[in-house]
Each structure stands twice: as C-alpha cells, then as structure tokens.
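Q: Turn this into a model:
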Amino acid sequence: MDFRPAKEDELGAVLALYRSVIGGEYCTWNEFYPTMEDINYDFENAGLYVLTAEEEVLGAVSFAAENELDELPFWQCREAVAELARVVIRPDMQGRGLSGWLVTKAEELLRTQGIKAVHLLAAVKNTPACRCYASCGYVHYEPLEMYENLFYPCEKLL
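A: Residues are numbered from 1 along each chain as shown. Okay, the predicted model is just below:
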C-alpha cells in the first residue's frame, strides 16, 4: 500500500469513495457534503492524500493548516496546528486497521512540515472512527454540536 498526494485524475475516484459511505450506519455525510468543490480545494492546496494499492484508491484524507476549528476554547496547542478531515476507507476494506494506518501516515507527514498538533472532529455516532482516533492517541473533548450533528473535538500533540 502507498500513501501519497492525490493525482488530478483520481479526484473523481475520491468523490466516488466519499459517496460510497453515505447512508452507512456511522456516516454523517450526505449529498451536500463532501463535494467535488471540497475535493478540488483540498487538491489545489496540497492537502488531499490517498491510500492506494496497485494504483486503486482505497482511502483518502485531507488536512489544512488553517481551519475553522482553531477558535474552539479547549485546545492544548494553538500554534503550528493542522486539521485532519474527510478520512474515508472504501466500505469493503473497512475493519482492517487501514484508517489508523492512514491517520498515522498523515501525522508523520504533518510532523515533517513542522506541525505540532492535529485537531479533528469525530461524529459521536461514528463509533469506529472514535475508537480509531482514541487508539491513535487523540484526546476526545466534550461533544459539541456543529453542522447539524454531534461531534467529539479531538486533539493529538505530535
């Protein structure tokens, strides 16, 4: 398996991957989010990475140095922070530890860029994601409502 920046010709595959999990038991996404606009933004800002096997996209993650989570009051670290978002693994590949592997690879890359902490939101109803982030060392703060859902704000110091 390979973790690398997404290629332009893979953006449609990333959208298809996002769409493939909508309606699943743990998913809070819908037809309005995430969109190709989100994918293009991540790609254009060098923040879209994929997990591939034999050039087939199995997972994706995006991250940004500036994000809307910065102003939440409980973060331990506020400088050199990145937001991890839109972590997804193809449904038939879930349950194999790939999400944790993908998150760890993203953290390794961010660390090389001088990032000192990662922030993210984990949907309270997405228990597999919450377990994944906890096993990767993320601290879960009290849930808050955003985007019409309940989320755990999570933080990991790198």
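
Q: Partner strands of the helix or strand bottoming out on mean pLDDT in the chain and their direction?
A: Using mean pLDDT, DSSP states H and E, strand 144-146 stands out as the lowest-scoring helix or strand of the chain, at a mean of 90. According to DSSP bridges, strand 144-146 forms sheet pairs with strand 149-157 (antiparallel).

Q: what comes up buried for the partner strand?
A: For strand 149-157, the neighbour count (16 or more other CB atoms under 10 Å) marks 151-156 as buried. Yep, even glycine has a C-beta here, placed from its N, CA and C like the rest.

Q: for stretch 100-118, same thing?
A: Within stretch 100-118, the residues that count as buried by 16+ other CB under 10 Å are 101-103, 105-107, 109-110, 115, 117-118.

Q: Present the buried residues of strand 149-157 as JSON lines; the columns should include pLDDT.
A: Formatted as JSON lines, the buried residues of strand 149-157 follow (pLDDT from 0 to 100):
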{"residue": "Phe151", "pLDDT": "96"}
{"residue": "Tyr152", "pLDDT": "97"}
{"residue": "Pro153", "pLDDT": "96"}
{"residue": "Cys154", "pLDDT": "97"}
{"residue": "Glu155", "pLDDT": "97"}
{"residue": "Lys156", "pLDDT": "97"}
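
Q: and these as a markdown table, adding distance to Asp92?
A: Shown next, in a markdown table, are those (distance: CB to CB, whole Å):
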| residue | distance to Asp92 |
| --- | --- |
| Phe151 | 26 |
| Tyr152 | 26 |
| Pro153 | 30 |
| Cys154 | 26 |
| Glu155 | 31 |
| Lys156 | 28 |
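
Q: Most widely separated two among the residues you listed?
A: For the buried residues of strand 149-157, the farthest-apart pair by CB to CB is Phe151 and Lys156; their separation is 15.7 Å.

Q: longest helix anywhere in this protein?
A: In the chain, assigned by DSSP state H, the helix with the most residues is helix 98-112.

Q: can you map out the helices along this protein?
A: Using DSSP H, helices in the chain cover 11-21, 36-44, 98-112, 127-135.

Q: Model confidence for Ala64, exactly?
A: Note on Ala64: pLDDT of 83.

Q: what's the answer for the one 4 residues further on, then?
A: Residue-level confidence at Glu68 comes out at 74, pLDDT.
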